[in-house]
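In: could you work out the structure for the sequence below:
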Amino acid sequence: MLAVSDDVPLLDDLMPWSVPPLRLGRPWVLAPDERTLRSRWDLLVRSEGAERERLFGPSRARTPRSAVAALPGRTTGTGPFAQERGPCPDPVRVQHGPFDEQWLIPDQRLLDAARPELWRVADEHQLFVVEQGYVPKADGPALTVSAVLPDGRSPAGRPGRIRPLYRRPGGLEPNLVPGLPAFLAGMYGHAVAPQEVASWSLAVARPSPAGCLVALPRDPQLWSTGVELGQRMSDLMVRGARGGEKPRLPGGRRPYVRAAVPARPRELRYDAAEEVLHLGDGGRISPVPPGAWEFRVGGVRMLELWFERRTGPADAGTLAAVGPANWPQEWTSDLLELITVLALLGELCSDRAELTQALAEPVTRGALRAAGVLPVPAGARHPASVLDHHEEGPGGQFALI
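Out: Model prediction:
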């Protein structure tokens, strides 16, 4: 059994380039559905003067008079938003926290800290490893992965880190400490792909105040077992992206809507004996396995958090209060998918525990230092700086990178 040790490598040792979570600055730029974002935008651009200022929600980083570069790969305006009269940019799908996929207006004039370095490398080849904030004695995985851009928010409100698997678009230049692939290949007798390191980390990562601990085994067979387990977890978390299949529970265990969700449900309840999820007065989904209901990250129950984000109150008269009049059908579809993902992940908890039990005498940071893998070169902690295309800066000028 693996003992807690200060000499267990950190994920920060293995995947050194990391980015802080996005800081949106105003809640109305994010929503569970696209129509809501377009309605909020239209209301804002129809407003004038002081009313536009109030609806916008100025911060120290952004006001309606801020001129900001367009996000990489986006063609939004770069002049002050106070002059904006055009249509809403097409919202993009993002991961809000560990398991909640929502939509975001990709306009950097609206976002306090959009982290452009992440947008530069977000493509069909990228996988984002998200380190959850440390919460002592809290249940749930220390890492999650996403195929779409994550905002990196932690359910418990503590900051984590976002680690792209690749430092350049097109799946180029793995975000691995130089020397690690060769070190692992020598130990396991075969080439080790970047995805394998991410999968292994997902399977075995443990939280600590210093960051995620990722023990590396000396046994090639144990490595293969952990990589396979981590890949199963990753496939579930990305929900069929990259050409994979959507997660599905076996027949007879798949959740269905047994009674329609009411127009405006205000309460979520779970009946463990009947495996029924109650949404407001009358809405029922079953079967919902206990593992899905009890699945937590940072000690926070994921299904409750998902529901609260769609039904919680917003300040009247603000753009955040603009939303659908009734519960959209697409939310129900999203909920059924989330139940499935959490249930299947819950079933892998025992496999993760067995893998951790089998980890004896793992590779230490000292061994990595002796092999020349550590310390991490300073340049490996920074984003790649060379681009093959222009980016538009404030006022339509080319950005200098």
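In: ok, now which ones touch V129?
Out: By Cβ atoms under 8 Å, 6 or more residues apart in numbering, V129 lies in contact with 11, 15, 143-145, 162-165, 198, 201-202. For glycine as for every other residue, the C-beta is placed from the backbone atoms N, C-alpha and C.
In: who does it bridge with?
Out: For V129, the beta-bridge partners are V145, R163 (DSSP bridges).
In: begin at 22, not 1, for the rest of this chat.
Out: From this message on, residue numbering opens at 22, which makes the last subject V150.
In: the residue nearest to L324 when sequence neighbours are not counted: neighbouring residues, count only.
Out: Leaving aside its sequence neighbours, L324 sits nearest to W314 (Cβ to Cβ, 6 or more residues apart in numbering; 6.0 Å). Using other Cβ atoms under 10 Å, W314 has 22 neighbouring residues.
In: now do the contacts for W314.
Out: W314 sits next to 291, 293, 298, 322, 324 when contact means Cβ under 8 Å, 6+ apart.
In: tell me the one of the contacts of V150 nearest D54?
Out: T165 (22.5 Å; Cβ to Cβ).
In: before we move on, the earlier item: of the contacts of W314, which belong to helices?
Out: If you go by DSSP state H, these have L324 in helices.
In: out of the contacts of W314, which are buried?
Out: 291, 298, 322, 324 (16 or more other Cβ atoms under 10 Å).
In: quick check: the two most widely separated of these?
Out: Those two in those that are separated most widely, counting by Cβ to Cβ, are L298 and R322, at 11.9 Å.
In: so, low pLDDT: which residues of the stretch 22-171 of the chain?
Out: The stretch 22-171 of the chain contains residues with pLDDT under 70 at 22-27.
In: those helices in it, which residues are they?
Out: 32-35, 55-67, 70-77, 137-142 (DSSP state H, counting those that start in this stretch).
In: so for V309, which of those sits nearest?
Out: helix 55-67 (26.3 Å).
In: not counting the closest one itself, show me its contacts.
Out: With Cβ under 8 Å, 6+ apart as the test, helix 55-67 has contacts from 49-52, 73, 76-77, 105-109, 112, 124-126, 340, 343-345.
In: and the angle for that helix with helix 70-77?
Out: 160 degrees (axes from the mean of the first three to the mean of the last three Cα atoms, to 10 degrees).
In: report the mean per-residue pLDDT for the helix or strand that contains W352.
Out: According to DSSP states H and E, W352 maps onto helix 350-368. Mean pLDDT, computed over helix 350-368, is 98.
In: other residues contacting it?
Out: 53-54, 120-122, 162, 254, 257-258, 260, 267-270, 274-278, 282, 298, 306, 309-310, 312-313, 315-316, 323-324, 327-328, 331.
In: now the buried members of those residues.
Out: Buried subset of the contacts of helix 350-368 (neighbour count, 16+ other Cβ under 10 Å): 53-54, 120-122, 162, 254, 257-258, 260, 268, 270, 276, 278, 282, 298, 306, 309-310, 313, 316, 323-324, 327-328, 331.
In: let's see which of these end up in strands.
Out: 121-122, 278, 298, 306 (DSSP state E).
In: can you list the buried residues in stretch 189-206?
Out: 189-190, 192, 195-198, 201-202, 204-205.
In: among the residues you listed, name the ones in strands.
Out: 189, 195.
In: would you say G247 is within a strand?
Out: No - counting by DSSP: H, G, I helix; E, B strand; the rest coil, G247 is not found in a strand; it is helix.
In: quick check, it in contact with L376.
Out: Yes - contact criterion Cβ atoms under 8 Å: G247 and L376 qualify, at 5.4 Å.
In: overlap of the contact sets of those two?
Out: By Cβ under 8 Å, 6+ apart, G247 and L376 have these common neighbours: 224-225.
In: these two: which is more packed in?
Out: G247 (27 against 21).
In: wait, what's in contact with the more buried one?
Out: 220-221, 224-225, 238, 376.
In: now do the end-to-end distance for stretch 359-377.
Out: Terminal residues of stretch 359-377 are spaced 26 Å apart (Cα to Cα, to the nearest Å).
In: tell me who's in contact with the spatially closest residue to R73 that is not a sequence neighbour.
Out: Distances taken as Cβ to Cβ, 6+ apart place P85 nearest to R73, at 5.9 Å, with adjacent residues excluded. Going by Cβ under 8 Å, 6+ apart, P85 touches 73-74, 77, 79, 101-103.
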